[in-house]
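*Asks:* predicted model follows, preceded by the sequence.
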Amino acid sequence: MSLEPTRGLIASPTPAAQEAAAQLREMYHWVEPERADMIVVLGGDGFMLQTLHAMLERRRIVPVFGMNLGTVGFLMNEWRPDLLEDRISRTKAFAVTPLRMDAETIEGERFSLPAINEVSLLRETRQTAKIEVMVNKHVVIPELVCDGVLVSTPAGSTAYNFSAQGPILPLGSAMLALTPISPFRPRRWRGAILPEKSRFTLKVLDAAKRPVSAVADQREIRDVSRVEIGIDPSGTLTLMFDPEHALDDRIAMEQFVI
């Protein structure tokens, strides 16, 4: 005899999300998120990323179904409280594999952080950054003079990456985008699309004079000297979407938004 999956509910602290959570608690049975087989998340994209990062940190990963009570809600489904159990039973699941950023600072400190959308290196002062770019231990650009550079997953390719003129990557493409941010030299280089198994090493040149920070989604490490980036299959996440609101279709259709 199979048991029904247990559901947990997590809501952002905004009044709208808290009001919606109170409504759902009266309509359905919930368990504590720590004991749930899947999680319903109420909020916006930022809160969804926060929830997914908390799962990665705890190393307890379960499927997630989000409902949008924020602004953009690209990672969320439409807020509809009725027939929620039926909706969840019909969802389309997508695997999202995060990046892992291993960063070393000028002072020799080391940090290892996951990134679901992208890892970006950004200049900290008015001076441009100078970055050596390596792919799979081969130097491909000896000196990239720029405001920064980022590595994006398909799930994050419509976010900061797209704003920096990077390509939209179809979900399931098994590719990563390497995108410069306001490149000055090489002036004509606009980035690259590479297999997800690729390993990136970004070395900051003249790091003391031209300081650079590294950001994994929302977490920033200041004054980095070297950053290594690659896919982390051990942290693969599962996002659930209504069939008419599937993530792969939304990402693909962003190419036609004017």
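*Replies:* Thanks, I have it.
*Asks:* for the protein, give me the ranges with low pLDDT.
*Replies:* 1-4, 258 (pLDDT under 70).
*Asks:* how about the helices in it?
*Replies:* For the chain, the helices defined by DSSP state H cover 15-27, 45-58, 84-89, 160-163, 247-253.
*Asks:* let me know the angle separating the second one from helix 15-27.
*Replies:* When axes from the mean of the first three to the mean of the last three CA atoms, to 10 degrees is applied, the directions of helix 45-58 and helix 15-27 differ by 70 degrees.
*Asks:* for Asp206, what are its contacts?
*Replies:* Contacts for Asp206 (CB atoms under 8 Å, 6 or more residues apart in numbering) come out as Lys130. In this view, the C-beta of every residue, glycine as well, is placed from N, C-alpha and C.
*Asks:* just to revisit the earlier point, to Gln127, which of the helices of the chain lies closest?
*Replies:* helix 160-163 (21.5 Å; CB to CB).
*Asks:* buried sites along the closest one?
*Replies:* By 16 or more other CB atoms under 10 Å, the buried positions in helix 160-163 come out as 160-162.
*Asks:* just send the helices of the chain back as JSON lines, with distance to Pro98 too.
*Replies:* JSON lines is the format used below for these (distance: least, CB to CB, whole Å):
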{"stretch": "helix 15-27", "distance to Pro98": "24"}
{"stretch": "helix 45-58", "distance to Pro98": "7"}
{"stretch": "helix 84-89", "distance to Pro98": "23"}
{"stretch": "helix 160-163", "distance to Pro98": "15"}
{"stretch": "helix 247-253", "distance to Pro98": "15"}
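*Asks:* so which of these gets nearest Ser213?
*Replies:* Closest approach to Ser213 among those (CB to CB): helix 160-163, 14.0 Å.
*Asks:* what's that closest one in contact with?
*Replies:* For helix 160-163, contacts defined as CB under 8 Å, 6+ apart pick out 117-118, 120, 150, 152, 167-168, 177, 179, 254.
*Asks:* most neighbours of all these, which one?
*Replies:* When neighbours are counted by other CB atoms under 10 Å, Ser152 leads the contacts of helix 160-163 with 29 neighbours.
*Asks:* looking at the buried residues of helix 160-163, which is nearest Arg222?
*Replies:* The closest of the buried residues of helix 160-163 to Arg222 turns out to be Tyr160 (CB to CB; 18.4 Å).
*Asks:* the closest residue to Asp147 other than its chain neighbours - how many residues pack around it?
*Replies:* Leaving out its chain neighbours, the residue that sits closest to Asp147 by CB to CB, 6 or more residues apart in numbering is Ser182, at 3.9 Å. Applying other CB under 10 Å, we find 14 residues neighbouring Ser182.
*Asks:* now do Asp102
*Replies:* Around Asp102 there are 16 other residues, counting by other CB under 10 Å.
*Asks:* so what's it up against?
*Replies:* Taking CB under 8 Å, 6+ apart as the contact definition, Asp102 lies against 110-112, 227-229.
*Asks:* if we use 6 Å, what do you get?
*Replies:* By CB atoms under 6 Å, 6 or more residues apart in numbering, Asp102 lies in contact with 112, 228.
*Asks:* then the one 4 residues further on?
*Replies:* With CB under 6 Å, 6+ apart as the criterion, the residues that contact Ile106 are 207, 223, 225.
*Asks:* which one (most neighbours) among those?
*Replies:* Using other CB under 10 Å as the neighbour test, the contacts of Ile106 are led by Ser225, with 20 neighbours.
*Asks:* the closest residue to that residue other than its chain neighbours and Thr158, how far apart?
*Replies:* Excluding the flanking residues, the one nearest Ser225 by CB to CB, 6+ apart is Ala207, at 4.7 Å. Relative to Thr158, Ala207 is positioned 31 Å away (CB to CB, to the nearest Å).
*Asks:* sweet, I'm off.
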